[in-house]
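Trainee: what follows is a predicted protein model with its sequence.
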Amino acid sequence: MDAPRANLPPLSLHVPEPRFRPGDEADFSTVDVPPAGAARRPDTAEPASSFHELAYTLVRVLDESGQAVGPWNPRLDPEALRKMLRAMALTRAFDERMFRAQRQGKTSFYMKSTGEEAVSVAAAMALASDDMCFPSYRQQGILITRGYPLITMMNQIYSNKGDPLQGRQLPIMYSSKETGFFSISGNLATQYPQAVGWAMASAAKGDTRIAATWCGEGSTAEGDFHSAMTFATVYKAPVILNVVNNQWAISSFSGFAGAEATTFAARAVGYGIAGLRVDGNDALAVYAATLWAAERARTNQGPTLIEHFTYRAEGHSTSDDPTAYRSAGEPNAWPLGDPIRRLKDHLIALGEWDEERHAAQDLALAEEVKRAQKEAEKNGILGHGMHQPFETMFEGVFEETPWHLKEQSEQMIAERKAAGI
């Protein structure tokens with residue numbers, strides 16, 4: 001090899017490093033938070049190239065006094081706001097009880113969405129009920145908003161005899177065709193090309209339903225993400241591509257996915273896709289952005305990428321200890337606040353809510369979740385026997401069970417019978 005050029009400095013690599021580690025004082029003063037209402041709202045028919053700036057700012061509706069301001073204000077009536085607040089609070093109550101259930105050994109695993117409830121609940125309210133959702137593993141709020149039974153969700157978490165997935169999925173990886181909720185996968189970003197493909201099929205059939213998908217910011221580093229983006233832009237697929245930037249992918253901070261270089265919404269610019277960067281803790285901004293993107297999709301204007309700028313308030317999962325890799329003060333220092341509190345304050349500012357009613361609702365929702373848990377646990381919990389009929393392990397893959405699986409099933413049933421099982 002030739003000797004290094006003496007007149008040039010040696011090359012070096014940049015290794016991203018989070019600003020705060022355990023023991024540090026968190027300081028988010030460098031995070032640029034533009035005033036609520038400052039971002040313009042383009043017409044949904046405008047070409048994506050005409051509003052690139054929206055991929056670099058923040059679409060915000062709720063200001064510091066709880067007022068809804070600016071062109072993105074969806075002007076929802078108080079009843080719709082209360083419905084949104086209730087669904088977000090119910091999602092948090094569900095998370096709290098299922099987290100405790102895992103700690104009590106009733107299930108093996110759980111993932112909370114604390115601090116991110118607006119991302120799923122507000123989006124679900126902005127979509128049509130028959131639009132197809134391709135979620136990641138922190139969008140349980142979609143199911144809750146669409147009225148999916150809490151008991152059924154718990155049955156799946158417990159993998160008991162009431163589990164509609166018959167114990168074949170990890171806890172929290174729900175699937176509900178009737179609710180338009182595609183099966184959650186533990187493999188990152190697989191849902192992106194699936195959503196784009198579904199949207200393309202919907203368009204090819206001349207349907208009016210659109211697709212929406214979600215992934216974390218770390219998943220934008222996966223090849224599936226970029227394959228989906230290519231197909232979405234080439235075919236103008238009627239799909240909404242949500243990136244939930246909650247700052248952390250397990251213990252790796254967002255810089256490892258490229259956050260130090262640019263925003264995640266800027267991924268859209270390179271693909272010629274409409275891109276929005278939204279305050280993910282502002283439920284009205286999430287609602288308005290999703291409604292806008294849905295209108296673009298339904299009028300054949302193509303896909304939209306929405307970056308939800310938010311913060312994962314707690315651990316990645318029940319298997320994670322965030323105090324091992326980040327400052328304990330980060331959740332409280334996050335400048336965009338708590339999505340439930342912000343929507344509550346907005347309703348109070350309108351004179352349509354108060355602290356007493358909010359406290360009463362929290363208590364009622366906690367009781368509702370508790371009752372559902374008691375009913376679900378009648379079907380069994382983790383480690384208490386085989387809750388699904390043994391022969392079902394050979395079912396559910398093929399429309400017609402092939403001969404070799406039938407033979408294996410009969411053999412296993414005979415062996416169990418001979419063993420007295």
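Mentor: Sure, I can see it.

Trainee: next, the buried residues of whichever helix in the chain runs longest.
Mentor: The longest helix of the chain (DSSP state H) is helix 78-103. The neighbour-count check on helix 78-103 (16 or more other Cβ atoms under 10 Å) flags 81-82, 84-95, 97-99, 101-102 as buried. Yep, even glycine has a C-beta here, placed from its N, CA and C like the rest.

Trainee: where in this protein is pLDDT low?
Mentor: For the chain, applying pLDDT under 70 flags the ranges 1, 385-386.

Trainee: can you name the next helix or strand after the longest helix of the chain?
Mentor: Using DSSP states H and E, the helix or strand that follows helix 78-103 towards the C-terminus is helix 117-126.

Trainee: which strands and helices lie in contact with the helix or strand just after that next one?
Mentor: Downstream of helix 117-126, the next assigned helix or strand under DSSP H and E is strand 132-134. For strand 132-134, the packing partners by 3 or more Cβ pairs under 8 Å, 6 or more residues apart in numbering; DSSP states H and E come out as helix 191-204, strand 211-216.

Trainee: contacts made by the first one with the rest, please.
Mentor: The set of residues that contact helix 191-204 without belonging to it, under Cβ atoms under 8 Å, 6 or more residues apart in numbering, is 132, 134-136, 182, 184-185, 208-215, 219, 224-225, 227-229, 231-232, 235, 237-239, 241, 297, 300, 303.

Trainee: among those residues, name the ones in helices.
Mentor: Using DSSP H, these in helices are 224-225, 227-229, 231-232, 235, 297.

Trainee: wait, which of those residues is closest to Ala126?
Mentor: Ala297 (11.8 Å; Cβ to Cβ).

Trainee: if I look at that closest one, how far off is Gly380?
Mentor: According to Cβ to Cβ, to the nearest Å, Ala297 and Gly380 sit 42 Å apart.

Trainee: who has more neighbours out of the two?
Mentor: Using other Cβ atoms under 10 Å as the criterion, Ala297 and Gly380 rank with Ala297 on top: 27 against 20.

Trainee: now do the same contact list for the closest residue to the more buried one other than its chain neighbours.
Mentor: Spatial nearest neighbour of Ala297, chain neighbours left out: Pro238 (3.8 Å); criterion: Cβ to Cβ, 6 or more residues apart in numbering. Residues in contact with Pro238 (Cβ under 8 Å, 6+ apart) are 199, 202-203, 210-211, 297-298, 300, 302-303.

Trainee: and with 6 Å instead?
Mentor: Pro238 makes contacts with 199, 203, 210, 297, as judged by Cβ atoms under 6 Å, 6 or more residues apart in numbering.

Trainee: could you do Leu81 as well?
Mentor: Leu347.

Trainee: what's around the nearest residue to Ile240 once chain neighbours are set aside, how many residues?
Mentor: Nearest non-adjacent residue to Ile240, counting by Cβ to Cβ, 6+ apart: Ala212, 4.2 Å away. Applying other Cβ under 10 Å, we find 29 residues neighbouring Ala212.

Trainee: quick one: Ala212 from Ala232, how far?
Mentor: Noted for Ala212: a distance of 12 Å to Ala232, by Cβ to Cβ.

Trainee: now swap in Asp43 and tell me
Mentor: For Asp43, the distance to Ala232 - Cβ to Cβ - is 21 Å.

Trainee: neighbour-wise, which of these two wins?
Mentor: Remark: of Asp43 and Ala232, Ala232 carries more neighbours, 31 against 11, as counted by other Cβ under 10 Å.

Trainee: point to the residue nearest the middle of the protein.
Mentor: Of all residues in the chain, the one closest to the mean position by Cα atoms, centre = their mean is Gln139, 3.7 Å from it.

Trainee: right, and it touches Ser120 too?
Mentor: Yes - with contact defined as Cβ atoms under 6 Å, Gln139 and Ser120 form a contacting pair (4.2 Å).

Trainee: buried ones in stretch 61-68?
Mentor: By neighbour count with 16+ other Cβ under 10 Å, stretch 61-68 contains the buried residues 61-63, 66-68.

Trainee: of those residues, closest to Phe264?
Mentor: Closest to Phe264, out of all of those and judged by Cβ to Cβ, is Val61, at 20.3 Å.

Trainee: just list the residues touching that closest one, thanks.
Mentor: 68, 72-73, 282, 284-285.

Trainee: hmm, back to that, so the longest helix of the chain versus helix 117-126, what angle?
Mentor: Angle of helix 78-103 versus helix 117-126, following axes from the mean of the first three to the mean of the last three Cα atoms, to 10 degrees, is 130 degrees.

Trainee: against Ile157, how distant is the residue nearest to Ala297?
Mentor: Here the criterion is Cβ to Cβ. By it, Pro238 lies 32 Å from Ile157.

Trainee: which residues touch Ala285?
Mentor: Ala285 touches 59-61, 278-279, counting by Cβ under 6 Å, 6+ apart.

Trainee: mind giving me the ChimeraX select for the residues you listed, buried ones only?
Mentor: Selecting only the buried entries of the contacts of Ala285 in ChimeraX, with 16+ other Cβ under 10 Å as the criterion:
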select :59,60,61,278,279
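
Trainee: report the two of the contacts of Ala285 separated the most.
Mentor: Between any two of the contacts of Ala285 (Cβ to Cβ), the greatest distance is 9.5 Å, for Val61 and Val278.

Trainee: helices of this structure, start to end?
Mentor: Under DSSP H, the chain gives helices at 78-103, 117-126, 140-145, 150-158, 191-204, 223-235, 267-271, 283-298, 330-333, 339-349, 355-377, 403-418.

Trainee: which one of those lies closest to Glu53?
Mentor: Nearest to Glu53, of the helices of the chain and by Cβ to Cβ, is helix 267-271 at 10.2 Å.

Trainee: name the residues that touch the closest one?
Mentor: Helix 267-271 has contacts (Cβ under 6 Å, 6+ apart) with 52, 55, 229, 233, 275, 305.
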